[in-house]
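S.K.: sequence and computational prediction follow.
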Amino acid sequence: MRLHHVLLSFLVFCVIGANASDTKTYRLKLATSWANTVPILGEAPLELKEMVETMSNGRLQIRIDDPTKHKAGLAVMDLAKTGQYDIGYTASYYYKGKDFKLIFFTTVPFGLLPSEQHAWFEYGGGKELAKKVYEEHGLLHFQGGNTGMQMGGWFKKEITSLEDLKGLKVRIPGMGGEVMSKLGVLAVTVPLGELYMSLERGNIDAVEWISPVFDMNMGFQKIAKFYYTGWQEPASETQFLFNKKSFDKLPKDLQLILETAMSKVANRVLEKAVYQNALAWDKIKTEHPDIKVASFPKEVLVELAKANDAILDEQATKDPVFKEILDSQRAFINKARAWTKMGDYAYINNTEK
């Protein structure tokens, strides 16, 4: 990985040298789905801006607008697609209502882990499939960082059976919400700024957000005492979505600077998520010892998996490209998971004290 970054830096240096006579200043606008107060995800565009402007010696400037400015946190892809913004920093699965195939480039329930997903994307055909899908929208796709395994949510009561889920109002978006609905859950969408109040007032019975560092920032641990492990988002990748016309107008050296900086920012997001989640969870254990970490019962997980497969299989009959991506991910997970179990899981299970 370090060698890869060294080579990219060398290429940037060479291309910059070849374009040294170009002194024009290029300006881009970036819309992000997350305010800068959101841990990690709020920081990523700012880091991209700093890197790009430094590496280009000020020739490339990026203006960042968050949802408080553009008022379209869950429509950032559209802002980039229409050219209102040059870049969108967001998560592809927010837009499954427009194109169901987009979910695969963030995460799907019971899907690939971060290391597996990155391997699939880089070497297993994922990058080529993403190009095929995003070209339909006039966009270029660059990975923006993975927040890793997401927790299954904060529940006010313990879930011991399928019956306990029926009728519960749960804030859970995307595919996770669609799958839970099949088991009798009322999956609802609540704006980020209203999540805590909705949970506190009983308007919802449970909330799924992200993971400890993000969740603690919201204060859910003060209200709901059952913290469930995840199944719905095992590897949540964000994206930098670039308006293709905007990207193509840039000189080659600035394109390469952008690609290099986006790659570095993406690495930092995952590194920060692992580190800060470890610290946040340690803090929860000491400051909130009444929090009970639990996993959904096996019967619940089995039915969730069945519902998930049914939704994916049905969609595959409607869209041949969707089926191509689904088949690609399923084929790779069958190979990769055996190695993950033999490698990572066996190491943890056999050496844990």
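M.R.: Received the coordinates, thanks. Note that the coordinates shown come from a computational prediction; the quantities given were computed from them, not determined experimentally. Numbering: from 1, shown residues only.

S.K.: in the protein, which spans are helices?
M.R.: Assigned helices in the chain, in chain order: 2-18, 44-55, 67-70, 76-81, 114-123, 126-135, 174-181, 195-201, 212-218, 244-248, 252-287, 298-316, 320-340, 346-351 (criterion: DSSP state H).

S.K.: just these: most buried one?
M.R.: Of all the helices of the chain, helix 76-81 has the most neighbours on average by mean count of other Cβ atoms under 10 Å, namely a mean of 24. For glycine as for every other residue, the C-beta is placed from the backbone atoms N, C-alpha and C.

S.K.: which helices and strands sit right next to that one?
M.R.: With contacts defined as 3 or more Cβ pairs under 8 Å, 6 or more residues apart in numbering; DSSP states H and E, helix 76-81 has these neighbours: strand 26-32, strand 87-90, strand 139-146, strand 237-243.

S.K.: distance to residue 160, mean pLDDT and mean neighbour count added to those, as TSV?
M.R.: Putting the helices and strands packed on helix 76-81 into TSV (distance: least, Cβ to Cβ, whole Å; pLDDT from 0 to 100; neighbours: other Cβ atoms under 10 Å) gives the following:
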stretch	distance to residue 160	mean pLDDT	mean neighbour count
strand 26-32	40	98	21
strand 87-90	37	98	28
strand 139-146	32	98	24
strand 237-243	33	98	27
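
S.K.: okay, the ones you listed in CSV with distance to residue 186 next?
M.R.: As requested, these are arranged in CSV below (distance: least, Cβ to Cβ, whole Å):
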stretch, distance to residue 186
strand 26-32, 30
strand 87-90, 26
strand 139-146, 29
strand 237-243, 28
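
S.K.: of all these, which lies closest to residue 106?
M.R.: Distances from residue 106 to each of the helices and strands packed on helix 76-81 were compared by Cβ to Cβ, and the smallest falls on strand 237-243, at 5.3 Å.

S.K.: partners of that closest one in the sheet?
M.R.: strand 87-90 (antiparallel), strand 139-146 (antiparallel) (DSSP bridges).

S.K.: could you dump those strands into TSV with distance to residue 253 added?
M.R.: Listed next are those as TSV, based on distance: least, Cβ to Cβ, whole Å:
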stretch	distance to residue 253
strand 87-90	18
strand 139-146	17
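
S.K.: which among the ones you listed is found nearest to residue 266?
M.R.: In this view, those are compared for proximity to residue 266 by Cβ to Cβ, and strand 139-146 is the closest at 4.3 Å.

S.K.: many thanks, we can stop here.
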